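> Build me a model from this:
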Amino acid sequence: KNSPRLVIALVGLPARGKSFVARKLLHYLNWSGVQCKIFNVGRYRREAYKHVAAASANARAQTGACDADFFDAQNERAAELREKVADLALRDML
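Have a look, this model is predicted:
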């Protein structure tokens, strides 16, 4: 695990092609002989949010879909969950 590593982070608005570009990069880099993997933090977030919302009567929340309140800077509980999710993705990546 002491090999040099490169992280390419794609950020932007929803449905703007980040996952599409990531898959294209993955295929190209693999073809070039570079081992790589995609880490989609949104997947980590949806999975974590499903567990938090399991007791909720909201069916949408139980699928992992978050509303805007989840991303509100004033929402301390959600901020803590976002931090944990980012840490999980980072640990998997390294």
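> in this protein, which spans are helices?
For the chain, applying DSSP state H gives helices covering 18-31, 41-52, 59-62, 76-93.
> Y28 versus the residue nearest the centre of the chain, what's the distance?
With distances taken as C-alpha atoms, centre = their mean, V41 lies nearest the centre of the chain, 0.8 Å away. To Y28, V41 is 22 Å away according to C-beta to C-beta, to the nearest Å. The C-beta positions use only the backbone N, C-alpha and C, and glycine is treated the same way.
> R91 too?
From R91 over to Y28 (counting by C-beta to C-beta), the distance is 26 Å.
> ok, now A15?
In terms of C-beta to C-beta, A15 sits 22 Å off from Y28.
> Could you list the low-pLDDT ranges of the protein?
Counting by pLDDT under 70, the chain shows low-confidence ranges at 1-2, 53-65.
> run the last query once more with 80
For the chain, the stretches with pLDDT under 80 are 1-3, 49-68, 70.
> closest one to R5 among the helices of the chain?
Of all the helices of the chain, helix 76-93 sits nearest to R5, with 8.4 Å by C-beta to C-beta.
> can you give me the angle the closest one makes with helix 41-52?
Angle between the axes of helix 76-93 and helix 41-52 is 130 degrees (criterion: axes from the mean of the first three to the mean of the last three C-alpha atoms, to 10 degrees).
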